[in-house]
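>>> Sequence and predicted structure are below.
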Amino acid sequence: MIDIAFLRANPDKVRENIKKKFQDKKLPLVDEAIELDTKKRALQTEGDNLRASRNSLSKEIGLLMREKKVKEAEEVKAKVNANAKRLEEVEKESEEVAARLKDVMMRIPNIISPDTPIGKDDSENVERKRYLEPKVPDFEIPYHIDILEKLDGIDVDSARRTSGQGFYYLTGDIARLHSAVITYARDFMINKGFTYCIPPFMIRSSVVTGVMSFEEMDGMMYKIEGEDLYLIGTSEHSMIGRFMGQTVDESKLPLTLTSYSPCFRKEKGAHGIEERGIYRIHQFEKQEMIVICKPEDSAAWYEKMWNYTVELFVSMGIPVRTLECCSGDLADLKFRSVDVEAWSPRQKKYFEVGSCSNLTDAQARRLGIRYKTKEGSAFAHTLNNTVVAPPRMLIAFIENHLQADGSVVIPEVLRPYMGGKDKIEVKNA
């Protein structure tokens, strides 16, 4: 959510930003916000004047009563009562206008970075850099489900019977590999100075609407029937919500946190959810990183964070590249975002395995996350980034480490987490 003072002073910049995101249908929101803001401030002024008048008239009543001017005092009391009635109306209307203004402001997208390329969708994202040389072996790489089944590592059919499409069972060495990568990623981030957290996996609606746009909420979140609770789509939601309504001491910033959680997503409208693969699913696990910092530090943290993900994948021998997300691919709260994509030797192309985002103060304004300053307090900046998220990581992992005999090599950094095992052998020829 942008600052209403900024919108008031720069309505044309806000309109231009909306156009850059190809969301012209939201242009009327700017005028609506200005109108509501004007009305809100007028009501505030009227309310302040009524309160001041009430205080003045109350003193006048006291003086008249002491002078035994009862009739005059009663006339003034009538004015006080009339003022009180009007003040009640003003306060009620002020609450209604403030609520409408907040709703409108929450639908206006955050101002994007000047470094963000302009484009309609993810097809216009811009490649930044590649890491490790992508290779295609001289043998055919099967579809990832077929590889995993030969390793006796996945059972999709049973999951379809128990839970439906978009779920799976991991078993044996593949299940162990999944946990090994998550644990390695946890330790990797702890060694970078991040504090490890396990958050609640359900959050209230006040947190959901604070961390994402309404469009994202509708497309992602599972609602708990009969409760004001949602299953988290990523631990970022719960982790940022932890600081809702808090004012953090400046000396404690930046807060650098890494969190583990299962993630639950509708994947509403997602292509491929009915396919055999596990690229898009309803439940998965993830290691995330969160930073809450002062505004002047967020750009530097943004660069550090996505570099950590690149470093992690490179350490496991998986070629990756980074893409600068274009304006039309940015969610409404994002100022800037970069995707990390892993190489698929089977498809001979890269696919997304993580995303790093700087949201500036958009989430902080919605949730009331501030930090103390010498002058008072200010809104913090929030950033989030995927460290690693199976099963997409598993797809990249097995394809890049697959051997001609169907086995999968375990890179050295993961062997301590796999009981020293250096290879996962074929179980079902």
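Nice, thanks for sending it over.

>>> For the rest of this, base every contact and every neighbour count on C-alpha atoms.
Will do.

>>> Tell me which residues touch the residue lying closest to residue 110 once chain neighbours are set aside, please.
Excluding its sequence neighbours, the residue lying closest to residue 110 (CA to CA, 6 or more residues apart in numbering) is residue 333, at 5.1 Å. When contacts are counted by CA atoms under 8 Å, 6 or more residues apart in numbering, residue 333 touches 1, 109, 110, 212, 213, 359, 362, 363.

>>> Nearest residue to the last one in space, please, no chain neighbours.
What that stands for is residue 363. The shortest distance from residue 363 to any non-neighbouring residue, by CA to CA, 6+ apart, is to residue 211 (5.5 Å).

>>> and residue 47, what does it touch?
Listed by CA under 8 Å, 6+ apart, the contact partners of residue 47 are 87, 90, 91.

>>> sorry, back to before: check which helix or strand covers the residue nearest to residue 110.
Secondary structure assignment for residue 333, by DSSP states H and E: no helix or strand.

>>> Including distance to residue 311, could the contacts of residue 333 go into TSV?
Listed next are these as TSV, based on distance: CA to CA, whole Å:
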residue	distance to residue 311
1	32
109	31
110	29
212	28
213	30
359	23
362	28
363	27
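
>>> picking up where we left off before, could you check how far the residue nearest to residue 363 is from residue 205?
10 Å (CA to CA, to the nearest Å).

>>> Could you check which of the two is surrounded by more residues?
residue 211 (23 against 14; other CA atoms under 10 Å).

>>> Verify the stated contact: that one with residue 240.
Yes: proximity of residue 211 to residue 240 meets the contact threshold set by CA atoms under 8 Å, at 7.4 Å.

>>> Got phi/psi on the residue lying farthest from the centre of the chain?
For the chain, the residue at maximal distance from the C-alpha centroid (CA atoms, centre = their mean) is residue 68, at 66.2 Å. Per-residue torsions, residue 68: phi 60, psi 30 (degrees, to the nearest 10).

>>> mind checking pLDDT for it?
Note for residue 68: predicted pLDDT of 77.

>>> just residue 215 next, same as before
Note for residue 215: predicted pLDDT of 77.

>>> could you list every residue that touches it?
Taking CA under 8 Å, 6+ apart, one finds nothing in contact with residue 215.

>>> Which positions within the helix or strand where residue 303 lies qualify as buried?
Counting by DSSP H and E, the element that carries residue 303 is helix 298-315. Within helix 298-315, the residues that count as buried by 16 or more other CA atoms under 10 Å are 298, 301, 302, 305, 306, 308, 309, 310, 311, 312, 313.

>>> any idea of the mean pLDDT for whichever helix or strand comes after it?
Using DSSP H and E, the helix or strand that follows helix 298-315 in sequence is strand 320-324. In this model, strand 320-324 has a mean pLDDT of 98.
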